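In: My questions concern the predicted model and sequence given below.
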Amino acid sequence: MPTDMNTYKIAVLAGDGIGPEVMEEALRVLDAVESKFGFKTERTECFVGGAGIDNCGKALPAETLAACEAADAILFGSVGGPKWDSLPPDERPERGALLPLRKHFSLFANLRPGICLPELVDASPVKNALIPGGFDILCVRELTGGMYFGEPKFYGERDGEVIGLDTLIYKKSEVERIARVAFEAARGRNKRLCSVDKANVLASSVMWRDVMNAIAAEYPDVELTHMYVDNAAMQLVRNPKQFDVMVTENTFGDILTDEMAIVCGSLGMLPSASLSHGSGTFFGLYEPSGGSAPDIAGKGIANPIAQILSMGMLLRYTCKETAAADAVDTAVRKVIAAGYRTGDLATGAEGEIRVGTRGMGDAIIAAL
Ligand code: NAD
């Protein structure tokens with residue numbers, strides 16, 4: 001629960017690669033919205049990922065976890081890079097930091113907006129004619145259940161044959177809680193929710209669909225439809241504009257959200273939120289959808305927008321500072337409409353204003 005009406009504690013975990021560069025811009029934008037909208041944040045900056053390993057011997061140092069526990073929300077950059085690739089898998093930055101954080105804080109709801117702004121349709125691999133005016137999808141992925149966590153898991157010999165075994169299991173209560181997050185999100189948007197499953201084959205999906213239908217009764221204002229996951233994968237590239245909010249289980253969501261990111265154009269534009277219920281509000285970890293981009297780290301050319309929009313989601317979902325969150329989203333749309341482009345977005349079109357990480361931050365602050 002936020003510390004008091006107008007002060008929020010944020011653990012700032014910039015991480016590796018482009019993480020610190022884009023985080024700096026997100027914090028500068030946060031300074032600007034704080035003074036404009038009259039709230040405060042208390043920020044604790046901590047090492048995580050490769051920086052955690054180098055400075056404290058662990059990807060998720062104890063002091064970092066303690067700072068996250070004391071916070072209302074975590075603003076996360078990105079972790080990993082070639083320097084740490086030779087470590088054992090469980091000690092590497094991603095596995096050693098992000099998965100434990102998701103588990104520790106029961107971050108069961110992953111919200112990923114997939115927005116292709118009208119000015120950036122050329123960056124999408126989908127034909128312009130199929131996405132006039134761009135599109136705006138929100139994918140809600142269940143993040144702590146399903147096959148990635150289900151037991152038993154086994155790889156070895158059984159009855160004279162080598163087998164690999166994973167278990168796809170969901171409890172009704174797990175589906176109910178993600179369903180409510182998705183219906184609430186749809187209620188705040190265009191009131192259309194598409195639940196994605198594989199109910200023609202999987203028992204867990206039949207249960208998932210029954211629960212979605214039951215929870216729909218609590219949200220008569222939201223239109224619920226169902227789609228098989230193989231069809232959803234096709235529809236995302238054929239006609240992404242048909243979707244408002246999608247909700248799906250962990251494994252399907254992992255694949256569909258990456259597909260959605262590509263369909264949108266650049267990874268540098270896409271924020272995400274991983275939420276768990278607090279008392280009356282959401283605790284959350286907010287991070288860009290992309291990674292640490294070692295190929296461009298240290299050059300000052302990374303697009304900071306995904307990190308800035310992640311900070312905006314933090315204001316929306318944890319702090320409930322809706323006006324400030326709207327202002328961040330609007331400022332980003334304005335600078336894109338005005339032609340500002342980092343390298344990942346540039347097409348060479350007339351009127352483009354090429355900027356680096358700092359230049360994009362400056363433009364967004366000016367637009368605020
Ligand atoms: P990546 O997302 O870091 O990069 C993929 C491509 O997208 C690169 O060409 C990169 O330059 C570009 N890109 C990504 N973000 C950008 C931005 N903000 N602006 C401009 N271009 C951007 O994925 P990868 O190369 O597969 O992974 C690199 C490292 O990041 C690996 O160590 C991986 O484990 C890690 N990673 C971390 C996270 C995380 O922290 N959540 C997620 C994915 C990958």
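Out: Thanks, I have it. Numbering: from 1, shown residues only.
In: where along the chain do the strands fall?
Out: For the chain, the strands defined by DSSP state E occupy 7-15, 40-45, 73-78, 109-116, 135-142, 154-158, 161-165, 192-197, 223-228, 245-248, 271-277, 282-288, 340-341, 353-354.
In: Pull up the pairing partners for the third one, direction included.
Out: When you say that, I think you mean strand 73-78. If you go by DSSP bridges, strand 73-78 pairs up with strand 7-15 (parallel), strand 282-288 (parallel).
In: Return the distance of the helix or strand that that strand is followed by from the chain's centre.
Out: In the C-terminal direction, the helix or strand that comes right after strand 73-78 (DSSP states H and E) is helix 93. Relative to its chain's centre, helix 93 lies at 18 Å (Cα atoms, centre = their mean, to the nearest Å).
In: quick one: contacts of helix 93?
Out: Contacts to helix 93, defined as Cβ atoms under 8 Å, 6 or more residues apart in numbering, come from residues 15, 16, 48, 49, 50, 52, 53, 59, 79, 80, 81, 84. C-beta coordinates here come from the backbone N, C-alpha and C atoms, glycine included.
In: switch the cut-off to 10 Å
Out: Contacts to helix 93, defined as Cβ atoms under 10 Å, 6 or more residues apart in numbering, come from residues 15-17, 48-53, 59-60, 78-81, 83-85, 87, 291-292.
In: Run through the residues that contact residue 44.
Out: 9, 10, 11, 12, 13, 63, 64, 66, 67, 68, 70, 71.
In: about what we covered before: buried subset of the contacts of helix 93?
Out: 15-17, 48-53, 59-60, 78-81, 84, 291-292 (16 or more other Cβ atoms under 10 Å).
In: Of those residues, which are in range of the ligand?
Out: By Cβ under 6 Å from any ligand atom, the members of the buried ones among the contacts of helix 93 lying near the ligand are 78, 79, 80, 81, 291, 292.
In: Residue of the stretch 1-150 of the chain closest to the ligand, please.
Out: Minimum separation of the stretch 1-150 of the chain from the ligand (Cβ to the nearest ligand atom) falls at residue 80, amounting to 2.7 Å.
In: Tell me which residues touch that residue, please.
Out: Taking Cβ under 10 Å, 6+ apart as the criterion, residue 80 is in contact with 15-17, 19, 49-50, 59, 92-98, 291-294.
In: measure stretch 237-244 end to end?
Out: End-to-end distance for stretch 237-244: 15 Å, by Cα to Cα, to the nearest Å.
In: Hmm, I typed the wrong one, I wanted stretch 9-25.
Out: In stretch 9-25, first residue to last residue: 19 Å (Cα to Cα).
In: Stretch 330-347 too?
Out: Criterion Cα to Cα; first-to-last residue distance in stretch 330-347 is 22 Å.
In: now do stretch 301-309
Out: Start-to-end, stretch 301-309 (Cα to Cα) is 17 Å.
In: Work out the gap between it and the centre of the chain.
Out: With Cα atoms, centre = their mean, you get 13 Å for stretch 301-309.
In: Please see if that stretch touches the ligand.
Out: Yes: using Cβ under 6 Å from any ligand atom, stretch 301-309 reaches the ligand at 302, 303, 306.
In: Quick check: PyMOL command selecting the buried ones in these.
Out: In PyMOL, a selection of the buried entries from the residues of stretch 301-309 next to the ligand looks like this (16+ other Cβ under 10 Å):
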select buried, resi 302+303+306
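In: Filter the residues of stretch 301-309 next to the ligand down to just the ones in helices.
Out: Using DSSP state H, residue 306 are the members of the residues of stretch 301-309 next to the ligand that sit in helices.
In: Adding pLDDT as columns, could you present the residues of stretch 301-309 next to the ligand in TSV?
Out: Output for the residues of stretch 301-309 next to the ligand, formatted as TSV (pLDDT from 0 to 100):
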residue	pLDDT
302	97
303	96
306	96
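In: interface residues of the stretch 251-368 of the chain facing the ligand?
Out: 267-268, 287, 290-296, 302-303, 306, 344.
In: I'd like to know which of those is nearest to residue 35.
Out: residue 306 (23.5 Å; Cβ to Cβ).
In: How much space separates that closest one from residue 34?
Out: To residue 34, residue 306 is 21 Å away according to Cβ to Cβ, to the nearest Å.
In: how about low-confidence regions in the stretch 251-368 of the chain?
Out: The stretch 251-368 of the chain contains residues with pLDDT under 70 at 278-280.
In: Just want the residue of it that's nearest the ligand.
Out: residue 291 (2.4 Å).
In: now that residue, nearest residue through space, not along the chain?
Out: Spatial nearest neighbour of residue 291, excluding adjacent residues (Cβ to Cβ, 6 or more residues apart in numbering): residue 78 at 5.1 Å.
In: Distance of residue 154 relative to the ligand?
Out: 26 Å (Cβ to the nearest ligand atom, to the nearest Å).
In: residues contacting that residue?
Out: Going by Cβ under 10 Å, 6+ apart, residue 154 touches 163, 164, 165, 166, 167.
In: Which of those ranks first by neighbour count?
Out: Counting neighbours by other Cβ atoms under 10 Å, the top entry in these is residue 166, with 16 neighbours.
In: Wait, it touches residue 151, no?
Out: Yes: counting by Cβ atoms under 10 Å, residue 166 sits close enough to residue 151 to count as a contact (9.4 Å).
In: what's the most buried one of the strands paired with strand 73-78?
Out: Most buried of these, by mean neighbour count (mean count of other Cβ atoms under 10 Å): strand 282-288, with a mean of 26.
In: Just to check, residue 60 is in contact with residue 100?
Out: Yes: assessed by Cβ under 10 Å, residue 60 is found in contact with residue 100 at 5.3 Å.
In: Show me the two of the residues of the stretch 251-368 of the chain next to the ligand that sit farthest apart.
Out: Pairwise distances across those peak at 19.1 Å for 287 and 295 (criterion: Cβ to Cβ).
In: Noted, bye for now.
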